[in-house]
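S.K.: Got a sequence here, can you build the structure:
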Amino acid sequence: MSTVRVLVGTHKGAFVIASDGARRDWRVDGPLFGGWHVMHVHGSPADPDRLYASQWTDWHGQVIQRSDDGGRTWAAVGSGFAYDGEAGTHQWYDGTPHPWEFKRVWHLEPAPDDPDTVFAGVEDAGLFRSADGGTTWSELAGLRTHATGNTWAPGAGGLCLHTIIIDPADPRRMFVAISAAGAFRSEDGGATWQLATGGLRSEFLPDPEAPVGHCVHNLAMHPSRPDTLFMQKHWDVCRTDDAGDHWTEVSGNLPSDFGFPVSVHAHEPETVYVVPILSDAEHYPPDGRLRVARSRTGGGEWELLERGLPQRDCYVNILRDAMAVDSLDDCGIYFGTTGGQVYASPDAGDTWAPIAEHLPAVLSVEVQTIA
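M.R.: Have a look, this model is predicted:
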């Protein structure tokens, strides 16, 4: 029987939550790296025993951890997180120039075909690659030095590169999202980049249809349809069917089109999940009711899934990297909250139950399905 391993990063360490394919009984192991902000934990699609973790504190700085035995033991790795060449500048909140600087790794994305190759998205927005299991890193500077780079400005969480998507059929084809710059696409393994923001509109910008400045919160893609992506941004849920050349809003009948994560069902490329929260100032569910929204039509028409979720006095948030799916036949959906709960649905969202409670605030959730 398959094993499902849920990898959880929190404000005070990482946790590994495991079950068999029935997904009824769960074991919680942790905390790993207790006391550290664990921004992201991610397993390699090419080797289920290879895991990577990004840990960080203001005092100790940034550390990358690697496990080669499924999370039982870990070793600190990683050097070379320095911008390639001149750091240059971007815009600060008031529009004045601000020097680029390295702060922390927000997101780790292992390559689909090689456990030793892993990408890192950092703040300030830069993209790094390691080809030796995270031991050494080099910047893919073509992104940061994009012609629009000096006009990028941070979102409320900083100028963070928080989403990396690799096309499993063509690993040289990649998408990234940066808050608050937008979305970008590469066809050559990250050497060069083009904007993937066509048709986006953000009312808070001086020019709502500007090519950059859109605060993209998350992107999702089904591997069978690499030109179709879904986006949750700072207001609006959107989709593109031409790899970002043009986006269309598909918020439809959502109670709020503000939120952070977006995920796609493992076997149904038109089934999409988001978690609405009230607004950009009020980061909690509308009416204090925690509900996951599911569209089976690729957006536009949404149903609110609430069975097993708290429906009163619930004021948690679900962050951009805190939702994931497994690949079992009855696709499982998982998300974590800033209140320290991790919820799982073994039936594609119809019913939910907590698989861990009272954890520190959850920053990220990833899932491995192991045969």
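
S.K.: Where does the nearest residue to Tyr52 once chain neighbours are set aside sit: helix, strand or coil?
M.R.: Distances taken as Cβ to Cβ, 6 or more residues apart in numbering put Leu108 closest to Tyr52, at 4.7 Å, once the chain neighbours are dropped. In this view, the C-beta of every residue, glycine as well, is placed from N, C-alpha and C. Judged by DSSP: H, G, I helix; E, B strand; the rest coil, the three-state class of Leu108 is strand.

S.K.: Quick check: Leu108 vs Phe119, distance?
M.R.: 7 Å (Cβ to Cβ, to the nearest Å).

S.K.: same check, this time on Asp25
M.R.: In this structure, Asp25 and Phe119 are 34 Å apart, going by Cβ to Cβ.

S.K.: Neighbour count: these two, which is higher?
M.R.: Taking neighbours as other Cβ atoms under 10 Å, Asp25 and Phe119 compare with Phe119 leading, 22 against 9.

S.K.: quick one: what helix or strand has that one in it?
M.R.: Phe119 belongs to strand 118-123 when assigned by DSSP states H and E.

S.K.: same question, Leu7
M.R.: Remark: Leu7 resides in strand 3-10, with elements defined by DSSP H and E.

S.K.: Please name the bridge partners of the most centrally placed residue in the chain.
M.R.: If you average the C-alpha coordinates of the chain and look for the closest C-alpha using Cα atoms, centre = their mean, you land on Asp321, 3.4 Å from that point. When bridges are taken as DSSP bridges, the partners of Asp321 come out as Ser364.

S.K.: Count the residues that sit near the nearest residue to Ala356 once chain neighbours are set aside.
M.R.: Once flanking residues are discounted, Ala356 sits nearest to Val342: 4.3 Å by Cβ to Cβ, 6+ apart. Using other Cβ under 10 Å as the criterion, Val342 is surrounded by 23 other residues.

S.K.: List the residues that contact Val342.
M.R.: Val342 is in contact with 6, 8, 17, 334-336, 354-357, 359, 362, 365, counting by Cβ atoms under 8 Å, 6 or more residues apart in numbering.

S.K.: Which ones among these map onto strands?
M.R.: Using DSSP state E, the subset of the contacts of Val342 located in strands is 6, 8, 17, 334-336, 354-356, 362, 365.

S.K.: Let me know the closest of those to Val237.
M.R.: Checking those against Val237 with Cβ to Cβ, the nearest one is Phe335 at 16.0 Å.

S.K.: buried set for the top strand by length along the chain?
M.R.: Selection of the longest strand in the chain by residue count, based on DSSP E, yields strand 47-57. For strand 47-57, the buried set under the neighbour-count rule, 16 or more other Cβ atoms under 10 Å, comprises 48, 50-56.

S.K.: for the residues you listed, which one is nearest Leu328?
M.R.: Pro48 (14.4 Å).

S.K.: Spatially nearest residue to the closest one (excluding sequence neighbours)?
M.R.: Distances taken as Cβ to Cβ, 6+ apart place Ile370 nearest to Pro48, at 4.7 Å, with adjacent residues excluded.

S.K.: Could you tell me how many residues sit around that neighbour?
M.R.: Should you count by other Cβ under 10 Å, Ile370 turns out to have 13 residues around it.

S.K.: Check Asp329 too.
M.R.: 9.

S.K.: Now do it, the pLDDT please.
M.R.: pLDDT for Asp329: 95.

S.K.: all helices for the stretch 1-150 of the chain, in order.
M.R.: Per DSSP state H, counting those that start in this stretch, the stretch 1-150 of the chain has helices spanning 141-144. These are given in chain order.

S.K.: Give me the pLDDT value at Phe81.
M.R.: 90.
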